[in-house]
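mind looking at a prediction? Sequence and model below.
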Amino acid sequence: MAIETFAGLFVTAAMISAVYALIAIGFTMIFGVGGVLNLAHGGLIMIGAYAYLVVTSTSTVPSIVIPPVAGLVVAIVVAALASFALYKGLVEFIEDDVIITFLATVVVAVILAELMELIFSANPRSLTPFVPGSTALPAIGVRIQHIEIAGFVLSWVAIGALWYYVTKTDAGRSILATSMTQRGAKLTGVDIAAVSARTWLIAGGLAGLAGVFLGTLQQTSPLMWLDPLALAFIIVVIGGIGSIKGSLVAAYFIGFLETYTVGLLGPEFRGVFALIIVAAVILIRPEGLYGREFVDE
């Protein structure tokens, strides 16, 4: 029985960790390139979930209902464009002032939450899974929803595509170079503004994808952005702010830690050990597992 319990928790942890990785990677990319702590990142996740809701649910705008798979694409595109608009319309003009940018993105997140509540009400909504059904695994006593499997697979597809982009293409390598040193990137002819805009676009797309999975597996509501934002902070602090590799490793670490903590000790212990680890990382290795030490360029 104990083996079945641990095996079942392992499967659950693997599925949710894949979504955590999508959340954290977009957040850390933006900081790595522009040094911006985008507190509106959770709002972009919420936008993705609601965009999917609007185009797939007959209870919102019946005349524009499309198949759920197409709705997933819409959610990614809408969140990506919202992220791009946030950068070009606001952050680009204030990003040199860290405090102002920090506060401005908080205000944007709150405004987005208020708009969602005004338009859709504060009541949680359920999303239609774009991959319905479930599969039982009798050997470990677990039933896995197909949407969970899809989340795991698409997360790794997105991460693999991102890895290929930043390591094998000139445009992607310019993002990597800028995240290492803006001054050095400028000296090699990199257009920093264009790189930042592309980064926000990619981060928004990842947020939209994560939003659909979170909104389907948990709930879609105007307050759904809070937990993902806190989660992103925890993961990037542990993995190293600005490190995609670190965010991936830390996302799985936190996903497994939370799942086993809740499964074995109870939901009241959720997040306790993660916060202890964050405190330890800040004291012992402030740059995180794979981050670089902060230097003045």
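Okay, I see it. Numbering: from 1, shown residues only.

doesn't V54 belong to a helix?
Yes. According to DSSP: H, G, I helix; E, B strand; the rest coil, V54 belongs to a helix.

ok, now which ones touch it?
60-61, 64 (C-beta atoms under 8 Å, 6 or more residues apart in numbering). C-beta here means a position set from N, CA and C on the backbone, and glycine is covered the same way.

most neighbours of all those, which one?
Each of those was scored for neighbours by other C-beta atoms under 10 Å, and T60 scores highest at 15 neighbours.

give the helix, strand or coil label for that residue.
From three-state DSSP, the assignment for T60 is coil.

do you know how far the residue lying closest to it once chain neighbours are set aside is from I66?
Excluding its sequence neighbours, the residue lying closest to T60 (C-beta to C-beta, 6 or more residues apart in numbering) is V54, at 4.9 Å. According to C-beta to C-beta, to the nearest Å, V54 and I66 sit 10 Å apart.

can I get the contacts of V54 in CSV with distance to T188 and pLDDT?
Shown next, in CSV, are these (distance: C-beta to C-beta, whole Å; pLDDT from 0 to 100):
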residue, distance to T188, pLDDT
T60, 48, 77
V61, 48, 77
I64, 45, 84
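
let me know the closest of these to I147.
Nearest to I147, judged by C-beta to C-beta, of the contacts of V54 is T60 at 19.8 Å.

what sits against that closest one?
Going by C-beta under 8 Å, 6+ apart, the list of residues near T60 reads 53-54, 120.

mind putting the residues you listed into CSV with distance to M180 and pLDDT?
As requested, the contacts of T60 are exported to CSV (distance: C-beta to C-beta, whole Å; pLDDT from 0 to 100):
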residue, distance to M180, pLDDT
L53, 39, 94
V54, 39, 93
F120, 41, 91
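
relative to L118, how far out is the residue nearest to T60?
From V54 to L118 the distance is 14 Å (C-beta to C-beta).

same check on T188?
Distance of T188 to L118, computed by C-beta to C-beta: 47 Å.

what's the answer for V65, then?
22 Å.

ok, the two, which is more surrounded?
The neighbour comparison of V65 against L118 (other C-beta under 10 Å) goes to V65, with 16 against 10.

hmm, which helix or strand of this structure has the shakiest average pLDDT?
None of the helices or strands of the chain scores lower by mean pLDDT, DSSP states H and E than helix 182-187, at a mean of 80.
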